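Trainee: have a look at this prediction, sequence included:
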Amino acid sequence: MPQTISIIGAGPGGLFAAEQLSAKGFNVVVYDRMPSVARKFLLAGRGGLNITHSEPLEQFLTRYRPQEPQLLHSIEAFPPAALQQWCTELGEETFIGSSGRVFPVSFKASPLLRLWLRRLNAQGVNFKLGWTWKSFAEGISFLATDADGTEHVVSSDATLLALGGGSWARLGSKGDWLEAFAREGIQSAPLVPSNCGFEVQFSEYFQAKFSGHPLKKIGLTHQGRRITGEIMIDATGVEGGGIYALSAEIREAISLSGNTELLLDLKPDLTEEAMVAKLQKPRGKNSFSNHLRKSVNLSSLAVALLREAGEVPSDPHLLAKRIKALPLTLAAPRPIDRAISSGGGLHFDEINAAFMLKKKPGVFACGEMLNWEAPTGGYLLQGAFATAAAAASGIEAYLRTQ
C-alpha cells in the first residue's frame, strides 16, 4: 500500500510538489480552500506568465530578501534552467523576452496549467477542493473543513503545507494560518505587502489629469540604490515595476521614519552637463513646458511632476539637477491585499534542511508562506518551485526511512 501525502495548497508550489511525489509512487492528495486550483497563478499569468529570469544565477540569487542560505540553496538545486526544462518537457517551450524575463511560448498561464493538470491526473493525484486547513492536530494530522463546513481530522504519512502568503486574499491565500502556528510555538514574521504601490500626496489637479499614465525608462534611487524602470501614476500614488523592485527597502524605511524620499532621474540617458547645454538654448516664444519638451524631450507628465515637487528652478544648472534627481516623498505602502506578493512568514529557523517543521516531524512547508520576498520578474515563481522541489525531496527521504 503506497504511503499517503497530504498537500495543503494548490498553488504552483503545492502542485509541483504533488507532481514530484506522485511520480515517485506516493499517493498524493491536494487540498485547497478554493473551488479550482492555481487561481493566483492564473491571474498573475493573464497578461503574460513570467515564469523565471535568464540572468546569471549569481546575480539572480541576489534578488531575494533576506539572503537565507536554505532558500538560496534550494534555487541552486533547482535553478531557472531546470524550470525552463520542466516547461519544455510539459509541452510548453519558453522564450526570453527583451528584458531577460522568461515566458512560455503560449505566453498565458492557462495553456501551461491545462498541460500540468493533465499530467497530475495521469499520475493519480487526487484533489479535494473547497477544503480549508484550520490547525494542527495530533502528530501529522490536521483539522480541516470541507466545502459544506464539516470538520474533519485528516491523517496521512506526511503533510506539506503550501499555504501561501497574504496578498490577493480573494484568490485563497489569506495568511490566516499564522495564528495556528503561533499556538504551537512556531515563530513567524508578520506578513507585509511586497511588490506594492505607495501613497504620495499629489495635488488634486495632478491626480485627475495623470492617473493611469506611465513614466517609462527613468532612473529611481532610494538610499543610494539605483535602478532603471518605470512607474505608473494612479489615483493616490505610484505603482509599477520600478517601485516594486525597491518596495522592500522603501517599506522598511517608511516603517522606521514615517515616510521616505525616492529620487527620480527623468532623463537617465542624458548627463547633467549635456542637459545644461540643451536647456541654455534660447527659449524664444515657447512656453516653459514646450521649452522642456523640445530641448530635453520631457513629457507633459514629467513636467507636471517637476511642478509637484515645488517651484521649478529657472537656472539651467539647477533645473538640470532637479530633472536628474527629482524628490518624491512616499508616505505609506498600499495594503497587503493590494500587493502582488507578501514578505514575512514562517521563519527558516523553524524548519530543518529538508524543509520539515522542527516542532512537527512529518510536516513540511514551502513557497510564499516562508519568510522571503523577491521582486517581480520571475523570481517569485522560481522561489515557489525551488522550495517545493526541496520539500518534496525532503518528504521522500523522510518517508523512505519510516
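Mentor: That came through fine. Residues are numbered from 1 along each chain as shown.
Trainee: per-residue confidence at Ala169?
Mentor: Listed pLDDT for Ala169 reads 87.
Trainee: which ones are touching the nearest residue to it once chain neighbours are set aside?
Mentor: Of all residues not flanking Ala169 in the chain, Asp337 sits nearest, at 5.3 Å (Cβ to Cβ, 6 or more residues apart in numbering). C-beta: built from backbone N, CA, C; applies to glycine. Listed by Cβ atoms under 8 Å, 6 or more residues apart in numbering, the contact partners of Asp337 are 166-170.
Trainee: tell me the one among those residues nearest to Gly242.
Mentor: Distances from Gly242 to the contacts of Asp337, taken as Cβ to Cβ, are shortest for Ser167 (19.2 Å).
Trainee: and that closest one, helix, strand or coil?
Mentor: coil (DSSP: H, G, I helix; E, B strand; the rest coil).
Trainee: from Leu113, how far out is it?
Mentor: 20 Å (Cβ to Cβ, to the nearest Å).
Trainee: low-confidence ranges, the stretch 251-400 of the chain, go.
Mentor: Across the stretch 251-400 of the chain, nothing is flagged by pLDDT under 70.
Trainee: swap the cut-off to 80 and go again
Mentor: 283-285 (pLDDT under 80).
Trainee: what's the biggest helix in this protein, counting residues?
Mentor: helix 379-400 (DSSP state H).
Trainee: now the buried members of the contacts of Asp337.
Mentor: Among the contacts of Asp337, the ones that count as buried by 16 or more other Cβ atoms under 10 Å are 166-168.
Trainee: mind putting the residues you listed into JSON lines with distance to Asp148?
Mentor: As requested, the buried ones among the contacts of Asp337 are exported to JSON lines (distance: Cβ to Cβ, whole Å):
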{"residue": "Gly166", "distance to Asp148": "26"}
{"residue": "Ser167", "distance to Asp148": "28"}
{"residue": "Trp168", "distance to Asp148": "25"}
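Trainee: which one of these is nearest Glu350?
Mentor: Gly166 (17.8 Å).
Trainee: just checking, the closest one touches Ser188?
Mentor: No. Gly166 is beyond contact range of Ser188, at 11.1 Å (criterion: Cβ atoms under 8 Å).
Trainee: need the residues touching each of the two.
Mentor: Gly344.
Trainee: ok so, going back, tell me the one of the buried ones among the contacts of Asp337 nearest Ile218?
Mentor: Ser167 (25.7 Å).
Trainee: the closest one contacts Gly344, correct?
Mentor: No. With contact defined as Cβ under 8 Å, Ser167 does not reach Gly344; the gap is 11.0 Å.
Trainee: which SSE is Leu112 in?
Mentor: Using DSSP states H and E, Leu112 falls within helix 109-122.
Trainee: in whichever helix or strand comes after that helix, what's buried?
Mentor: Later in the chain than helix 109-122, the nearest helix or strand by DSSP H and E is strand 126-129. Residues 127-128 are the ones in strand 126-129 that count as buried (16+ other Cβ under 10 Å).
Trainee: can you check stretch 194-203 too?
Mentor: For stretch 194-203, by 16+ other Cβ under 10 Å, it's 194-200, 202.
Trainee: reformat those as CSV; add secondary structure.
Mentor: Shown next, in CSV, are those (three-state DSSP):
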residue, secondary structure
Ser194, strand
Asn195, coil
Cys196, coil
Gly197, coil
Phe198, strand
Glu199, strand
Val200, coil
Phe202, coil
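Trainee: which residues sit against stretch 201-208?
Mentor: 233, 235-237, 304, 308, 329, 331.
Trainee: which pair in the residues you listed spans the largest distance?
Mentor: Maximum distance among those (Cβ to Cβ): 19.0 Å, for Ala304 and Ala331.
Trainee: can you give me the helices in the stretch 151-300 of the chain?
Mentor: In the stretch 151-300 of the chain, the helices defined using DSSP state H, counting those that start in this stretch lie at 178-183, 204-210, 241-245, 247-257, 272-279, 288-296, 300-308.
Trainee: for the ones you listed, which one ends up most surrounded?
Mentor: helix 241-245 (a mean of 22; mean count of other Cβ atoms under 10 Å).
Trainee: other SSEs contacting it?
Mentor: Identification of packing neighbours for helix 241-245 by 3 or more Cβ pairs under 8 Å, 6 or more residues apart in numbering; DSSP states H and E yields strand 214-222, strand 225-233.
Trainee: can you get me the centre-to-centre distance for it and its chain?
Mentor: Relative to its chain's centre, helix 241-245 lies at 11 Å (Cα atoms, centre = their mean, to the nearest Å).
Trainee: give me the mean pLDDT for that helix.
Mentor: Average pLDDT, helix 241-245: 94.
Trainee: what sits up against that helix?
Mentor: For helix 241-245, using Cβ under 8 Å, 6+ apart, the contacting residues are 195-198, 218, 220, 227-231, 250, 340, 375-377.
Trainee: that's all I had, so thanks and see you.
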